[in-house]
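Visitor: give me the fold of what follows.
(chains A and B)
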Amino acid sequence: MTGGPAKDRRIGVFLCHCGGNISDYVDMEKLREAVKEELGVVEARTTMFACSDAAQQEMIDAIQKERLDGIAVASCSPKLHLFTFRAMAERAGMNPYQYVQANIREQCSWAHRGEVDKATEKAADIVRAAIAKAGLSEPLRPMRVETKPQVLVVGAGVAGLRAALALSDLGLTVYVAEREERIGGWTARLGAMFPAERRGTEMVQELERRILERENVTLFTRAEVVEKSGSVGDFSVRLRVRETESIALNVGAIVVTTGFDAYAPSDGEFGFGQDGVVTLPEFKRMLDEGEGPLARNGKPVRTATYIYCVGSRQNEEAESPNRFCSRYCCTATCHAALVASRRDKNVRQYHLFRDMRTYGKYELVYEAAARKGSVFVRWDPADPPAVSRVDGHLVVRVKDRLLGGEALEIPSDLVVLVTGMVPRENASLVNALKLPVGGDGFFNEIHPKLRPVETVVDGVFIAGAAQGPKTLAESVASSLAAVSKSAALLLKGYVDLEPFVAEVDPLRCTWCEKCTEACPYGAIEKVAADGREVARVIPSLCKGGGACVPVCPEEAIDLLGYSDREIKGMIDALAKEAVHA
Amino acid sequence: MSPPPTGRAADPRILVFSTNTISDPGIDLAGSAHMHYPVSTVVISVPCSSGIKPSWILHAVEAGFDGVFVAADGTDCAYVQDCTARTGRVVEAAQQLLRGHGHDPRRLKMAAVCSVCAESFASHMEKFHTALAALTSAPEGMRDG
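Guide: Below is the predicted model:
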């Protein structure tokens, strides 16, 4: 294995037809001719399906026979088969990080159908760049860390409690830290919930009972995370419990399920602050208390008007607007209307909505509310409803889009502002765990679909409404996903960390501190080298984002796998045709 | 009247810097959805757009690319919260570098491309391709600053 000059390298190139997905739009034989003489290439062949077992075995044979020390597979997107081919290279005895995938399907054949000549030229450029990168690649080694079979769950709402139980089922030791005195979060205060009419209070009592039975679960209340050090598989965490006690834990993974806050309308927002104008959580409490027809301050509620999307889907004009949809509130409100009509079948209910997002099977809740007499009025965001008081009575004025903008006046005994979820204030936790916060203020996963509970901090998972608005079922689904991810990590006993971290050239570094300022993870420390102060990257803390790379005035930092010479080598390979044009 | 486009001007070559987890899936999706964009576009992926070196952008232009497009992480970035501002600083420094070397800073463009922004990517490429063709075919004296 070598990272030496490309001319001394032994590189293999495998060009995949992908059935006809690539070969229908790229001339594979011309492609092979175009790249087989590239510097360092000793083997170039085409294959029908590179990902098939037979083709992988052929590649393994070629790697061993030709003693290849770098390979490029030109096929689909690395999102599909990067790990497939990396594992194949490893099985062949090659350094898996000297394998490069060239994406000639999604980024070439599929995008440029009907332009075979040009697509073939482009594919050749892409493969040349991959060859250049393979030729300049260094044999990298993942960092192996022994993992501790313990997990810290932060936040004991339903998502956190379900995660704790599931982790405990898998034989892992669990610590649960809850900031409040009581567990159960928002659900602990709720009565009947959609879709199964289960009462939140009872659900939490049941979860609490089960948690307390477990010997491998320890629950801390009034506990906050104040410090975290170490890295994936082996974190040291300090909790402050009941403001006085300090507890040190050693865990392999952390699951953050800190939930949400309810949007608090400002004074005057849709009449908020006036008597008889309440938020959705306040209304749900009214519904859960007492029986029979609804009353407020002793007065019967004969007409209730709901104004949807208060604090959600705000436009640019609001100060730091909540642009997102809160997902759960349309269904929660239709369900609340059903509960209200159960208590009083004669209650009049008007739902002033923007778009009814009772998605999936929750459409049935909307339908049921309509059948029970709820009236739905759609308003235009450019002309929102107005709440005022006429002769001591609340009146809501709205223009009904579904009736061509007809102006309605609805005298109301109660106005319910359908407030959604907002991110919870968690500055000290964010700081202690270095949690990534997105533009909407919720915690950010690596990818909402492909890696939905992982964060860039390896071993720290997020789940539930701390990631963004979710229904209870969605929260629990994501917390169980975080359980699977934590368990897969910890039950193996060790973890291999990706080696793509930053590296400082101590001879060039002048310790100007620009890199430490740029790194949000505290991954760069000052060390002495030959009597000088220089920067050093702590590999287990580096996330490999590379933010430190362009800020270094001495060009002393490289990101392994994306080094200056690799990127420039790829640029030169890609530009080759242009230069000669 | 501008002289007719010649050589590279007829079909400007674009180098896109994209990111592994955010803009690359968006660009992949453009292909999966069989959207068309200029075939003279090629992509190099890095982990995060805030880690792109201005010198790479200059290197690309000097190596023969007519334009460089930074498909930035934007607010979706999982590494740094202020990725847009950081990538903005990279682009600013690169434009200065281009100017200093006698290249038109309009050869560099940045826009956030999210993991499902296939249509917007394809449209950015079409527009940038057209803009670069106009830039490259402009009379000699007006070219590159």
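Visitor: who are the contact partners of residue 46?
Guide: Let's take chain A. Residues counted as contacts of A:T46 (C-beta atoms under 8 Å, 6 or more residues apart in numbering or on different chains) are A:F14, A:L15, A:C16, A:H17, A:M28, A:E29, A:L31, A:R32. Where you see a C-beta, it was placed from the backbone N, CA and C, and this is true even at glycine.
Visitor: think we crossed wires, I meant chain B
Guide: Contacts here follow C-beta under 8 Å, 6+ apart; on that basis B:V46 touches A:G546, A:L559, A:Y562, A:I567, B:F17, B:S18, B:T19, B:N20, B:I52.
Visitor: looking at strand pairing, list the partners for the fifth one.
Guide: Translated: B:F17. With beta bridges defined as DSSP bridges, B:F17 has these partners: B:I44, B:V70.
Visitor: how about the contacts made by it?
Guide: By C-beta under 8 Å, 6+ apart, the contact list for B:F17 reads B:V43, B:I44, B:S45, B:V46, B:S49, B:I52, B:W56, B:I57, B:V68, B:F69, B:V70, B:A71.
Visitor: which SSE is B:L97 in?
Guide: helix B:83-100 (DSSP states H and E).
Visitor: widest-spaced pair of the contacts of B:F17?
Guide: B:S45 and B:I57 (15.2 Å; C-beta to C-beta).
Visitor: tell me which of those two has more neighbours.
Guide: The neighbour count for B:S45 versus B:I57, taken as other C-beta atoms under 10 Å in any protein chain shown, is higher for B:I57 (27 against 20).
Visitor: tell me which residue of chain B lies closest to chain A.
Guide: Nearest to chain A in chain B, going by C-beta to the nearest C-beta, is B:G51, at a distance of 2.4 Å.
Visitor: my guess is that residue meets A:L559, correct?
Guide: Yes: between B:G51 and A:L559 there is a contact at 6.3 Å, judged by C-beta atoms under 8 Å.
Visitor: common neighbours of the two, please.
Guide: Shared contacts of B:G51 and A:L559, defined by C-beta under 8 Å, 6+ apart, comprise A:G546, A:V549.
Visitor: mind listing what's buried in stretch B:74-85?
Guide: Under the neighbour-count criterion of 16 or more other C-beta atoms under 10 Å in any protein chain shown, stretch B:74-85 has B:G74, B:T75, B:D76, B:C77, B:A78, B:Y79, B:V80, B:Q81, B:C83, B:T84 buried.
Visitor: nearest to chain B: which residue in chain A?
Guide: A:G546 (2.4 Å).
Visitor: which residue sits closest to the spatially most central residue of chain B, ignoring its sequence neighbours?
Guide: For chain B, B:F69 is the residue whose C-alpha lies nearest the centre (C-alpha atoms, centre = their mean; 0.8 Å). The shortest distance from B:F69 to any residue other than its chain neighbours is 4.7 Å, reached at B:V16 (C-beta to C-beta, 6 or more residues apart in numbering or on different chains).
Visitor: again, but for A:G276
Guide: According to C-beta to C-beta, 6+ apart, the nearest residue to A:G276 is A:L394 (5.0 Å).
Visitor: before we move on, back to that, where does the residue of chain A closest to chain B land on pLDDT?
Guide: pLDDT, A:G546: 96.
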